[in-house]
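S.K.: next come a sequence and a model predicted from it.
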Amino acid sequence: MMMDFLLVPLIVGICVTGVYGLFELFARRKERLAIIEKIGDKLDASAFEGKLNFGSYIPKLSFSALKVGCLMTGIGLGLLIGFIINTCLMHQISNNDWYRNDIAGTAYGASVLLFGGIGLIAAFIMELRLTKNR
């Protein structure tokens with residue numbers, strides 16, 4: 001009952017992301033096939049002799065794990081802070097159940113969004129520092 005405010009946006013977000021991912025997958029596939037067909041007629045194997053050097057390849061760092069980790073840490077911290085706010089305020093609020101649920105939803109939602117955003121900002125700052133040192 002208390003976490004109902006997160007259920008609808010979460011389901012909608014997952015559905016929208018899935019549909020977008022499918023459309024992007026098919027669009028990229030068509031673009032790549034068109035590029036391969038266009039270039040395939042003009043190139044032959046002799047054009048690549050001596051030009052491919054895989055020894056100098058430096059892999060690019062991916063910070064997706066850092067971003068997801070910081071986001072999840074922020075969401076967990078936000079839920080914890082929302083719970084602490086709820087338990088502190090429930091003793092002072094009257095017995096009106098609607099009002100209690102309204103404050104609980106606001107405390108949890110605001111805390112999750114605030115600390116999730118702080119987690120993403122922290123991930124961005126860490127990413128900047130790591131790319132400067134490279």
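M.R.: Everything's here; your move.
S.K.: tell me the pLDDT of the residue nearest to the spatial centre of the chain.
M.R.: The centroid of the chain falls nearest to residue 68 when counting by CA atoms, centre = their mean (5.9 Å). Looking at residue 68, its pLDDT reads 88.
S.K.: for it, which three-state class applies?
M.R.: Look at residue 68: counting by DSSP: H, G, I helix; E, B strand; the rest coil, its state is helix.
S.K.: who's in contact with it?
M.R.: Under the criterion of CB atoms under 8 Å, 6 or more residues apart in numbering, residue 68 has no neighbours. Just so you know, the C-beta spots here come from the backbone N, C-alpha and C atoms, and that holds for glycine as well.
S.K.: same question, residue 66
M.R.: 123, 126-127.
S.K.: report the buried members of the residues you listed.
M.R.: Taking 16 or more other CB atoms under 10 Å as the criterion, what is buried in the contacts of residue 66 is residue 123.
S.K.: which residue ranges make up the domains of the protein?
M.R.: 1-52, 59-129 (automatic domain parsing).
S.K.: pick the most buried one from those domains.
M.R.: domain 59-129 (a mean of 14; mean count of other CB atoms under 10 Å).
S.K.: chain center to that one: distance?
M.R.: 14 Å (CA atoms, centre = their mean, to the nearest Å).
S.K.: tabulate the contacts of residue 66 (CSV), appending secondary structure and distance to residue 21.
M.R.: What follows is these, written out as CSV (DSSP: H, G, I helix; E, B strand; the rest coil; distance: CB to CB, whole Å):
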residue, secondary structure, distance to residue 21
123, helix, 22
126, helix, 27
127, helix, 23
